[in-house]
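>>> My questions are about this predicted structure, shown below with the sequence.
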Amino acid sequence: MNSSMSVIANSEILDAISIFSANKEKFGVSAHNGDDPELYVMHIIDSKYHEKSNSAHFFFIMDIGFTISHELLYEAYQKKYNSFSYDITQNEDEMMIFVNNKAVEIVKHLKDFNLVADNYEAIADLLELSRGAIWGERYGI
């Protein structure tokens with residue numbers, strides 16, 4: 001009996017994530033904290049699963065773990081936007097809002113998925129663009 005499972009390359013997972021996130025009417029994408037403060041899990045689910053839970057049909061669920069170095073993200077942010085000294089990586093709730101809103105874009109800049117290099121400057125750009133939305137969601141604005 002062959003118990004080996006086929007392994008999907010992370011670059012192929014990145015392609016699949018992009019396809020799922022582009023089909024928002026079919027798939028929901030969210031993120032949550034993992035066991036480590038720098039570990040996050042992207043959760044992708046067939047949106048029909050929630051809508052029609054009483055009927056039997058095929059559905060899809062995928063959890064993808066990824067790590068964001070809080071130190072490298074803060075350093076990249078300070079390098080580009082040193083006028084804002086608040087360290088969002090120290091606030092778990094605000095960091096989670098950012099990751100939940102930008103998970104798909106974040107993983108595109110991580111070496112584990114793009115197979116090139118971690119690009120914390122690009123993630124810092126996402127953080128700068130999201131800063132108002134993070135605070136708005138955090139404080140109910």
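Noted; the coordinates are in hand.
>>> Nearest residue to residue 123 in space, ignoring adjacent ones along the chain?
residue 109 (5.2 Å; C-beta to C-beta, 6 or more residues apart in numbering). Using the backbone N, CA and C atoms, a C-beta is placed for each residue, glycine as well.
>>> Assign the most centrally placed residue in the chain to helix, strand or coil.
Centroid-nearest residue in the chain, with C-alpha atoms, centre = their mean: residue 103, separated by 1.9 Å. Here residue 103 is recorded as helix under DSSP: H, G, I helix; E, B strand; the rest coil.
>>> Contacts only, for it.
Counting by C-beta atoms under 8 Å, 6 or more residues apart in numbering, residue 103 touches 29, 30, 31, 40, 42, 66.
>>> Would you mind confirming that the third one makes contact with residue 99?
Yes: the pair residue 31 and residue 99 passes the contact test of C-beta atoms under 8 Å, sitting 4.9 Å apart.
>>> Now do the helices in the chain.
Using DSSP state H, the helices of the chain run over residues 10-22, 47-51, 70-80, 92-107, 111-114, 120-138.
>>> Which of those helices has the highest mean neighbour count?
helix 92-107 (a mean of 19; mean count of other C-beta atoms under 10 Å).
>>> can you give me the offset of that helix from its chain's centre?
Centroid separation between helix 92-107 and its chain, computed with C-alpha atoms, centre = their mean, to the nearest Å, is 5 Å.
>>> which stretches of this structure have low pLDDT?
1-11, 25, 47-59, 83-85, 131-141 (pLDDT under 70).
>>> Tell me if I'm right that residue 20 and residue 42 touch.
No: here residue 20 does not reach residue 42: they are 9.7 Å apart, not a contact under C-beta under 8 Å.
>>> any common contacting residues for these two?
residue 29.
>>> Any figure for the gap between the residue nearest to residue 113 when sequence neighbours are not counted and residue 92?
Spatial nearest neighbour of residue 113, excluding adjacent residues (C-beta to C-beta, 6+ apart): residue 14 at 4.3 Å. The gap separating residue 14 from residue 92 is 26 Å, by C-beta to C-beta, to the nearest Å.
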